[in-house]
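Novice: The following block contains a protein sequence and its predicted model.
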Amino acid sequence: MTSNVWRILVLMSIAAAASCSNRDKNESSGNVDAGGSQHSDPSIDSPTDAAADAGAGAGAGADAETAGSGPPRQNNLLRLKVTGSGFDPAAPAAPPGQRYYTIALRGVGRSRSDVAIDVQRFVFAQDERGCISRPEADASWLKHPLGATAVFTAERPIEGQIAFAVPDDSKQIRVLIAPAEIEALAVPAGEDFTPSWPNPVSKIEDGTTLRVLVLPRGESAAANSPPPAGRMRVVLDFVIENLKSTQGIEFTTSQQLRLVDPQGKFVQLDASTKELGCRLEDGDVIPPGQARRFMASYELPPGDPLRLQYRGFEVEEASVDLP
């Protein structure tokens, strides 16, 4: 298997990018804090229609912890702010275990040249546990969609909405802008946070490409449908850390993380995995330099010992016994 290298579409020359990388982050409007926030830029702090629509779920239909705006964040190329967010009452029914969450994102460029971001490829939502969601490609219920490609200029801000199917019990959300080869941005929708998870019970190192953390076992009740008679369901909880800052890693859970039964036969992913809110579809991405948490469900006879086999990128195979 090979890593898939994901690159940003930036409308500038390498020389222009290099010239902006040395720009003082305090240069334009307001003071920048240690986290990259700048506090007095009315061009992205002003309320807008998109923000009002995204925040419409802040009433009775949404949890207070998951609605509102957050502090701005910036790197050498972009300055972004979530101006409104919440579980969206206008959205249709989401896939099992998930709800649609709408974010209004407003931003300006900080470069002399325009910066274009492919939203579907490089924009993600992440909750407080580390679960990651991709934008919905056809969110027809949005009144002010950001569009497939967001082009940021220094002359004026742009703003639009993005919808994500996130785990239905998410409490906090942030937006990750994580293309390859530039500094990623984590823009909170509300109070800032860093995702966290329990200490792992096992680790698998895959060279300089990634690290797999096996967390304490999840509850089988997380999947809605019961297992067949005479079978038990095991829900495993993983975090994958992408160790490369310049590459997004496409990961195929069904082929790369399998249980092995006592006879040496592989136990494949069970269909109930699709009922778990925090999941990773085959071929989905671990963004450059980021960690992604997800769960996977397996069925096997009761009492069988659990052994996990990992098929990697630099490491052909690795196996660990699970408690």
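Specialist: Sure, I can see it.
Novice: Convert stretch 157-172 to CSV, retaining C-alpha atoms only.
Specialist: Provided in CSV are the C-alpha atoms of stretch 157-172 (Å, rounded to 0.1, in the frame of the first residue of the first chain):
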residue,chain,number,x,y,z
PRO,A,157,-13.8,38.2,3.3
ILE,A,158,-15.9,35.4,2.1
GLU,A,159,-18.4,33.3,4.1
GLY,A,160,-20.5,30.2,3.6
GLN,A,161,-21.9,27.2,5.3
ILE,A,162,-20.6,23.6,5.4
ALA,A,163,-22.6,20.7,6.7
PHE,A,164,-21.0,17.6,8.4
ALA,A,165,-22.5,14.3,9.6
VAL,A,166,-21.0,14.1,13.1
PRO,A,167,-21.5,11.6,15.9
ASP,A,168,-24.9,12.3,17.4
ASP,A,169,-23.4,12.6,20.9
SER,A,170,-20.7,15.1,20.0
LYS,A,171,-20.3,17.9,22.5
GLN,A,172,-17.7,20.2,20.9
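Novice: domains in this protein, as residue ranges please.
Specialist: Here the domain parsing of the chain from automatic domain parsing is 14-188, 202-322.
Novice: pLDDT of the longest one, averaged?
Specialist: Just to be clear, that refers to domain 14-188. Computed over domain 14-188, the mean pLDDT rounds to 78.
Novice: In stretch 262-278, which residues are buried?
Specialist: Buried residues in stretch 262-278, counting neighbours by 16 or more other CB atoms under 10 Å, are found at 267, 269-270, 272-273, 275-278. Quick note: C-beta positions are derived from backbone N, CA and C, even for glycine.
Novice: first to last residue in it, what's the distance?
Specialist: 29 Å (CA to CA, to the nearest Å).
Novice: do the same with stretch 266-278
Specialist: 23 Å.
Novice: Can you name the residues in contact with it?
Specialist: Where contact means CB atoms under 8 Å, 6 or more residues apart in numbering, the residues beyond stretch 266-278 that reach it are 95-98, 127, 129, 131, 166-170, 222-225, 227, 233, 235, 253-254, 258-261, 279, 293-300, 309.
Novice: What sits closest to V285 if chain neighbours are left out?
Specialist: In space, and not counting its chain neighbours, V285 is closest to G248: 4.7 Å by CB to CB, 6 or more residues apart in numbering.
Novice: right, and the one you found touches R292 too?
Specialist: No - in this structure, G248 is not within contact of R292 by CB atoms under 8 Å, at 10.5 Å.
Novice: shared neighbours, those two?
Specialist: Joint contacts of G248 and R292 (CB under 8 Å, 6+ apart) are 242, 286.
Novice: Filter the contacts of stretch 266-278 down to the buried ones.
Specialist: 97-98, 127, 129, 131, 166-168, 170, 222-223, 227, 233, 235, 253, 258-260, 279, 293-300, 309.
Novice: now the strands for the stretch 51-200 of the chain?
Specialist: Along the stretch 51-200 of the chain, counting by DSSP state E, counting those that start in this stretch, strands occupy 73-74, 78-87, 98-109, 115-118, 123-127, 132-133, 149-152, 158-167, 173-177, 185-188.
Novice: For S140, which of those strands is the nearest?
Specialist: S140 sits nearest to strand 158-167 of all the strands of the stretch 51-200 of the chain, at 9.7 Å, using CB to CB.
Novice: Please name every helix or strand in contact with that closest one.
Specialist: Applying 3 or more CB pairs under 8 Å, 6 or more residues apart in numbering; DSSP states H and E, one finds that strand 158-167 contacts helix 49-54, strand 98-109, strand 123-127, strand 132-133, strand 149-152, strand 173-177.
Novice: cutoff 7 Å now
Specialist: helix 49-54, strand 98-109, strand 123-127, strand 132-133 (3 or more CB pairs under 7 Å, 6 or more residues apart in numbering; DSSP states H and E).
Novice: between the domains of the chain, which gets nearest to S196?
Specialist: domain 14-188 (7.2 Å).
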